[in-house]
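Asks: Any chance you could fold what I've pasted below:
(one chain, ligands or ions: 1)
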Amino acid sequence: MPQPLSDNATLVAEAAEQLKDASPQEVLVWGLTTFPRNRISICTSLQDEGMAVLDMAVRIDWAVNVFTIDTGRLPAATYDLMDEINDRFGVKIEILYPDAQEVSELVSEHGINLMYKSTELRLSCCEVRKVLPLNRRLKTLDAWITGLRRDQNASRANVEVVELDEQHGGIVKINPLANWTHEQVLEHIETYNVPRNSLYRKGYTSIGCDPCTRAIEPGEDLRAGRWWWEQGDTECGIHYETVVDADGNSRVLTRADSAPAAEASDT
Ligand code: SF4
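Replies: Next up is the predicted model:
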């Protein structure tokens, strides 16, 4: 049974204080011993951060749950990595898929490469192919584990090690790498010889769907290769609710944006 929101709020407040300076491994131990195994899972897009988290987690619990979302538009290198992970860690990655009917309707109406036509259509594609499959899975969990880091981009600057995930019904979101830098992730990958997506060797620094990811140029921001044709906050909506503003730019909703709606719903 899911924990009531108020219980999770207390749990999260205590854990956030207790774990604010903890190592990623200590945070994972807390998560994996606090929640029943069938109610907690790693969610990863198989980038370096997620791979580092998976590597740490299997050393704590070899049967830890892990899922990824196959949007149907992933690069071939990411599918190769899925096989490598199975061989290396012996874990079965649960692969989530979008609803075929929803994809069919969207693509039939707007074309397969709708993401380049407008920010609204790009977000619709992310919604159908990523956000909805994620939401369906999170409804079955009490907690999920991500590879989010605070210094990845401005939208993620307030990521906490343990958070109450109000966007997903008040479950607990655990971000063991919140305090880590990109360099610390790379050091872990190298030290433990963690499998990597081969696109990193071709100048990619953040890897998502094939049509929406490119290699970066020297000096560019590490996430500059994601949705590079857009202005605004380049998020897909998985971690942050994202809207299109009056100028056609995507913008991540903050807690302040949702406060009036929350108050209204209480009445
Ligand atoms: Fe669609 Fe691109 Fe979003 Fe993938 S990242 S779901 S292809 S818009």
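
Asks: which ones are touching the nearest residue to Val66 once chain neighbours are set aside?
Replies: Nearest non-adjacent residue to Val66, counting by CB to CB, 6 or more residues apart in numbering: Ile42, 4.2 Å away. Where you see a C-beta, it was placed from the backbone N, CA and C, and this is true even at glycine. Residues near Ile42 by CB atoms under 8 Å, 6 or more residues apart in numbering: Gly50, Val53, Leu54, Ala57, Val64, Asn65, Val66, Phe67, Trp144, Ile145, Thr146.

Asks: Contacts only, for the first one.
Replies: For Gly50, the set of contacting residues under the criterion of CB under 8 Å, 6+ apart consists of Ile42, Cys43, Thr44, Thr146, Gly147.

Asks: what number of residues lie near Cys43?
Replies: Residues near Cys43, counting by other CB atoms under 10 Å, number 24.

Asks: should've said Gln18
Replies: 14.

Asks: For it, which residues are in contact?
Replies: Contacts of Gln18 (CB under 8 Å, 6+ apart): Trp30.

Asks: which ones among the contacts of Ile42 are found in strands?
Replies: In strands, defined here by DSSP state E, the members of these are Val66, Phe67, Trp144, Ile145.

Asks: Identify the bridge partners of the nearest residue to the third one once chain neighbours are set aside.
Replies: I take that to be Trp144. Of all residues not flanking Trp144 in the chain, Cys43 sits nearest, at 5.1 Å (CB to CB, 6+ apart). Following DSSP bridges, Cys43 is listed with bridge partners Phe67.

Asks: wait, Cys43 sits on Thr146?
Replies: Yes - at 5.8 Å, Cys43 counts as touching Thr146 under the criterion of CB atoms under 8 Å.

Asks: Find the residue ranges of this structure scoring beneath the pLDDT cut-off.
Replies: In the predicted model of the chain, residues 1-6, 153-155, 232-237, 240-267 satisfy pLDDT under 70.

Asks: Up against the ligand, what does it have?
Replies: Proximity of the chain to the ligand (CB under 6 Å from any ligand atom) is limited to residues 71, 73, 115, 122, 125-126, 129-130, 208-209, 211-212, 236.

Asks: which one of those sits closest to Arg156?
Replies: Cys236 (12.7 Å; CB to CB).

Asks: where along the protein do the strands fall?
Replies: Counting by DSSP E, the strands of the chain are 40-43, 66-69, 94-96, 143-145, 162-165, 171-174, 242-244, 250-252.

Asks: Give the pairing partners of the fourth one; include direction for each.
Replies: Going back to what we said before, that points to strand 143-145. Assessed with DSSP bridges, strand 143-145 is paired to strand 40-43 (parallel), strand 171-174 (parallel).

Asks: now that strand, how far from the centre of its chain.
Replies: With CA atoms, centre = their mean, to the nearest Å as the basis, strand 143-145 stands 10 Å off its chain's centre.

Asks: Now do the buried residues in that strand.
Replies: Judged by neighbour count (16 or more other CB atoms under 10 Å), strand 143-145 contains these buried residues: Ala143, Trp144, Ile145.

Asks: Next, format those residues as a markdown table and append distance to Gly225.
Replies: A markdown table is the format used below for the buried residues of strand 143-145 (distance: CB to CB, whole Å):
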| residue | distance to Gly225 |
| --- | --- |
| Ala143 | 30 |
| Trp144 | 25 |
| Ile145 | 25 |
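
Asks: out of those, who's nearest Pro24?
Replies: For those, the nearest to Pro24 is Ile145 (10.1 Å; CB to CB).

Asks: Quick one: residues contacting that closest one.
Replies: With CB under 8 Å, 6+ apart, Ile145 has these contacts: Leu28, Gly31, Ile40, Ser41, Ile42, Cys43, Val53, Ala57, Ile174, Asn175, Pro176.

Asks: quick revisit: just the buried ones from the residues of the chain next to the ligand?
Replies: Here, 16+ other CB under 10 Å leaves 71, 73, 115, 122, 125-126, 129-130, 208-209, 211-212, 236 buried among the residues of the chain next to the ligand.
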